[in-house]
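Student: fold the following, please.
(one chain, ligands or ions: 2)
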Amino acid sequence: MNKYYILAIESSCDDTAVAIIDEQKNILADVNWAQNTAHAPYGGIVPEIASREHLQKIPQAVAQALQDAQLSAHDLKAIAVTCGPGLIGSLLVGVQFARGLAQSLNIPLIGIHHIEGHLLSSSASPNFPQEPFIALIASGGHSALYLANGQCSYELLGETQDDAAGEAFDKIAKMLGYGYPGGRIIDELAEKGDEKRFNFPIAFRGKDNLDYSFSGLKTSVRLQIEKLQQEHSEVNGQLLYDLCASVRKAIVDALLAKAFLACKQRSIKFLVLGGGVAANSQLRAQAQKQALENKISVFLPEKAHCTDNAVMIALAAKNRSDLELVEDLKVDANAPFG
Ligand code: KG4
Ligand code: ZN
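Tutor: Ligands and ions are numbered 1, 2, ... in the order given. The predicted structure follows:
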């Protein structure tokens, strides 16, 4: 196979990320600059600030990636970019920069859906399964199950009807007085806790249904926190650890119950995880344990590639360019998935 390089840009939310992979899916550069300090004073992501940060940082991140890979822009075969979904301003900055770069180098521009990126974030592994496989994508914006039933072909099997799993973690962390991203903080606090201390409800939405719902859990945790505050004045120490462990258990149990149900319903033996919540230590451990029990092979991205990154966008672009599924003139921000 001829040597070639793909540079990918991911700017759908608050991470400015640029990666370069080669034709063997070797990662030559993986630049990821979080904008946490810019948004921290406002207690959440401010879309306008995110766009301005991307505008400032993308050119530097591209230069950094080329330097890390020891390449010149003229060595690139294609430019990939996340075209949706995400914050529209942030997406537009990434797409327009990528378009300009591709046009100036006279190479193709490959638009990638963010979820397809998460879905393929562990696909650099030589063991990554051929389709069909089930994918559980759990992030701050999405919680969904897909059947990858052919190359670049995905069927949505179920999704959250309200909050995403990561969003539930983030909102509960906020109730406890913590900042963003709350999922990682709750995960860490939960390590010292007893997950059986509190029994939080899991919405199953019917036994054969593959949709999720996390808003009931959020309300139930809020009521529990209010009760504990009345009894103990502050929720801290072991009480806090136990609460976090019980929340984590409820979310992990819900995510995995439907994921394994999807494998069973469709008689699929491969389960792929992706999205920021796939970095959760209990989700990873339980997925592996339950996979063994169910005789299913599970594929987990490295923790650094669960949350938003550009390597996953580069991998999805390589897949599409290998299959000649590249429509460069049509690339625009906020394209649908399918
Ligand atoms: O994939 P991602 O970076 O962005 C979206 O596409 O939404 O996911 C971010 C989400 C946040 O909600 C964050 O709280 C969650 O992933 N997250 C975690 C962990 N690390 C990040 N949730 C649970 N456990 C973690 N260790
Ligand atoms: Zn994401």
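Student: packing partners of the one helix or strand Ala61 maps to?
Tutor: For Ala61, the host element (DSSP states H and E) is helix 47-69. Here helix 47-69 touches strand 5-10, strand 15-22, strand 27-34, helix 36-39, helix 88-105, going by 3 or more CB pairs under 8 Å, 6 or more residues apart in numbering; DSSP states H and E. Yep, even glycine has a C-beta here, placed from its N, CA and C like the rest.
Student: so for ligand 1, which of those sits nearest?
Tutor: Ranking these by proximity to ligand 1 (CB to the nearest ligand atom) places strand 15-22 first, at 6.9 Å.
Student: which parts of the closest one count as buried, going by neighbours?
Tutor: Neighbour counts over strand 15-22 (16 or more other CB atoms under 10 Å) mark Asp15, Thr16, Ala17, Val18, Ala19, Ile20, Ile21, Asp22 as buried.
Student: based on its surroundings, how many neighbours for the residue nearest to the third one when sequence neighbours are not counted?
Tutor: Right, Ala17. When the adjacent residues along the chain are set aside, Ala17 lies closest to Ala310, with 3.8 Å between them (CB to CB, 6 or more residues apart in numbering). Using other CB atoms under 10 Å, the number of residues around Ala310 comes to 34.
Student: how about Gly44?
Tutor: For Gly44, using other CB under 10 Å, the count is 11.
Student: could you do the one 3 residues further on as well?
Tutor: Neighbours of Pro47 under the rule other CB under 10 Å: 15.
Student: circling back to that earlier point, for the helices and strands packed on helix 47-69, which has the smallest mean pLDDT value?
Tutor: For those, mean pLDDT drops lowest on helix 36-39, to a mean of 84.
Student: got the contact list for that helix?
Tutor: With CB atoms under 8 Å, 6 or more residues apart in numbering as the contact definition, helix 36-39 has outside contacts at Asp14, Ile45, Val46, Ile49, Ala50, Glu53, Tyr180.
Student: one more pass at 6 Å, please.
Tutor: Outside helix 36-39, the residues that touch it by CB atoms under 6 Å, 6 or more residues apart in numbering are Ile45, Val46, Ile49, Glu53.
Student: which of these sits closest to ligand 2?
Tutor: Nearest to ligand 2 among the contacts of helix 36-39: Ile45, at 12.6 Å, using CB to the ion.
Student: ok, the closest one - contacts?
Tutor: With contact taken as CB under 6 Å, 6+ apart, Ile45 is in contact with Asp14, His39.
Student: ok so Glu195 is a helix residue?
Tutor: No: counting by DSSP: H, G, I helix; E, B strand; the rest coil, Glu195 is not part of a helix but coil.
Student: run a quick neighbour tally on it.
Tutor: Other residues within reach of Glu195, judged by other CB under 10 Å, total 21.
Student: look up how far ligand 2 lies from it.
Tutor: Computed as CB to the ion, to the nearest Å, the Glu195 to ligand 2 distance reads 26 Å.
Student: got it, and Val277?
Tutor: 10 Å.
Student: got it, and Asp30?
Tutor: Applying CB to the ion, the value for Asp30 to ligand 2 is 16 Å.
Student: also Val272?
Tutor: Computed with CB to the ion, the distance linking Val272 and ligand 2 is 15 Å.
Student: could you do Pro129 as well?
Tutor: Taken as CB to the ion, the span from Pro129 to ligand 2 is 21 Å.
Student: just Leu256 next, same as before
Tutor: Here Leu256 is placed at a distance of 20 Å from ligand 2 (CB to the ion).
Student: surely that residue is in a strand?
Tutor: No: using three-state DSSP, the assignment for Leu256 is helix, not a strand.
Student: pLDDT on stretch 257-275, on average?
Tutor: Stretch 257-275 carries an average pLDDT of 98.
Student: off-centre distance for it?
Tutor: 17 Å (CA atoms, centre = their mean, to the nearest Å).
Student: same thing with stretch 137-155?
Tutor: 11 Å.
Student: tell me the buried residues in that stretch?
Tutor: Of the residues in stretch 137-155, those buried under the neighbour-count criterion (16+ other CB under 10 Å) are 137-148, 152, 154.
Student: what of stretch 218-236?
Tutor: Buried residues in stretch 218-236, defined by neighbour count with 16+ other CB under 10 Å: Lys218, Ser220, Val221, Gln224, Ile225, Leu228, Val235.
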